[in-house]
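>>> no FASTA, just this:
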């Protein structure tokens, strides 16, 4: 059982927190414990994150916890964990929020770190997770959010085997109504001129130099994660990526240098798979060739089009014959009237 900072469990199995009953602990972080809980009225299970840290900075950390809950409640994307409720437990005074219960295909809580340790992180799977991370980051960056704490532990694997972003507790929130709260928290988190949030291996170089966070700093963390998953090696600036990536698909040799570029302006998150081109086909030799696009219609549709075309042509012919007949009749009438006029004149 996970323990709180007091050395005793915050909640034991069977304990009640509002309408939720604790089923079992799922994990413990630096400031919170996570439990699997059940809403017995709904018969549904969720993950409950309880703020349990207790030391001199508890006030600003509690504020950070509340900000994280409010932030996640605004987000809705399959690659981002969703928050449904947040409250304070009346009996213990512990703040908590309730979120998606993310379990892997075997029904276990599993992060990318767990998958790497168990040998499940083969190259094809890493490529799939990379695409998932790209989707999730594109969404949160579009919402004005920088995650700032992307680590192997903070990416979970869902029941479909896909990656899900979680733990936004140190996120930089850009919407104006929450920015002031986080900036106040960040000021408190500085110790001796250095931020204590985040993990050194994942920290983008510009952040270590005191620059502001940006989507590019998240991309750097993704690059560190990918290199670790593929090679079991932590990235250090100046490392020879070509040598480390030689045993793997050549795409990594293009993607990782862009993610891990020292200059954030040169850093980007390119796709692993290019969009399908309708003018391309793959031959038996697995080579891509340019071909002419051929549109194939059902035979009945072709027949209908031909009949409609023939009908239109026939109608045009009939109209032409009708108009020709009218012109001839008009000419005969003109000749008859002219003849009558000539006779009267004589």
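Looks like it came in fine. Owing to the predicted nature of the structure, the values given are computational and were not obtained by experimental measurement.
>>> Secondary structure class of residue 238, three-state.
With DSSP: H, G, I helix; E, B strand; the rest coil as the basis, residue 238 sits in coil.
>>> which residues does it contact?
Residue 238 sits next to no residue when contact means CB atoms under 8 Å, 6 or more residues apart in numbering. (C-beta placed from N, C-alpha, C; glycine too.)
>>> okay, it: pLDDT?
Listed pLDDT for residue 238 reads 86.
>>> State the distance from residue 110 to residue 96.
22 Å (CB to CB, to the nearest Å).
>>> Looking only at neighbour counts, state which of these two leads.
residue 96 (28 against 20; other CB atoms under 10 Å).
>>> I'd say the more buried one and residue 84 touch.
No. The pair residue 96 / residue 84 is not scored as a contact, 11.7 Å apart, by CB atoms under 8 Å.
>>> got any residues that touch both of the two?
Common neighbours of residue 96 and residue 84, using CB under 8 Å, 6+ apart, do not exist here.
>>> Let me see the ranges of the helices in the protein.
58-73, 112-117, 123-142, 176-188, 205-208, 215-231, 241-245, 252-259, 299-345 (DSSP state H).
>>> Nearest to residue 91, out of those?
Taking CB to CB, helix 58-73 is the member of the helices of the chain nearest to residue 91, at 17.1 Å.
>>> For that closest one, the averaged confidence score.
Averaging pLDDT along helix 58-73 gives 68.
>>> returning to that earlier point: columns mean neighbour count on top of the helices of the chain, output as TSV?
Shown next, in TSV, are these (neighbours: other CB atoms under 10 Å):
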stretch	mean neighbour count
helix 58-73	19
helix 112-117	18
helix 123-142	18
helix 176-188	14
helix 205-208	16
helix 215-231	23
helix 241-245	15
helix 252-259	18
helix 299-345	10
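>>> Quickly, which of these bottoms out on average pLDDT?
Mean pLDDT values for the helices of the chain show the minimum at helix 176-188, a mean of 45.
>>> Tabulate the helices of the chain (TSV), appending distance to residue 47.
Listed next are the helices of the chain as TSV, based on distance: least, CB to CB, whole Å:
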stretch	distance to residue 47
helix 58-73	12
helix 112-117	15
helix 123-142	17
helix 176-188	23
helix 205-208	29
helix 215-231	22
helix 241-245	35
helix 252-259	29
helix 299-345	52
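>>> Looking at those helices, which is nearest to residue 270?
helix 252-259 (5.5 Å).
>>> list the helices and strands the closest one packs on?
Packing partners of helix 252-259 (3 or more CB pairs under 8 Å, 6 or more residues apart in numbering; DSSP states H and E): helix 215-231, helix 241-245.
>>> Return the list of helices and strands in contact with the last one.
Packing contacts for helix 241-245, counted by 3+ CB pairs under 8 Å, 6+ apart, involve helix 215-231, helix 252-259.
>>> Can you list the neighbours in contact with it?
Under CB under 8 Å, 6+ apart, the answer for helix 241-245 is 227, 230-231, 233, 252-253, 256-257, 260.
>>> what do you get if the cut-off is 6 Å, keeping everything else the same?
By CB atoms under 6 Å, 6 or more residues apart in numbering, the residues outside helix 241-245 that reach it are 231, 252-253, 256-257.
>>> mind listing what the nearest residue to residue 101 once chain neighbours are set aside touches?
Once flanking residues are discounted, residue 101 sits nearest to residue 47: 4.6 Å by CB to CB, 6 or more residues apart in numbering. Residues counted as contacts of residue 47 (CB under 6 Å, 6+ apart) are 34, 99, 101.
>>> can you tell me how far residue 329 sits from residue 337?
From residue 329 across to residue 337, the span is 13 Å (CB to CB).
>>> likewise residue 107?
Taking CB to CB, one finds residue 107 at 100 Å from residue 337.
>>> likewise residue 35?
106 Å.
>>> Tally up the residues packed near residue 15, please.
A count of nearby residues for residue 15, using other CB under 10 Å, gives 16.
>>> In contact with it, which residues?
residue 22.
>>> what would the helices and strands packed on helix 252-259 look like in JSON lines with distance to residue 343?
Below are the helices and strands packed on helix 252-259 laid out as JSON lines (distance: least, CB to CB, whole Å):
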{"stretch": "helix 215-231", "distance to residue 343": "98"}
{"stretch": "helix 241-245", "distance to residue 343": "107"}
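>>> end to end, how far does stretch 202-212 reach?
Using CA to CA, to the nearest Å, one end of stretch 202-212 lies 15 Å from the other.
>>> can you give me the offset of it from its chain's centre?
Computed by CA atoms, centre = their mean, to the nearest Å, the separation of stretch 202-212 from the middle of its chain amounts to 24 Å.
>>> any residues touching it, and which ones?
Outside of stretch 202-212, the residues within contact range by CB under 6 Å, 6+ apart are 151, 217, 220-221, 224, 262, 264.
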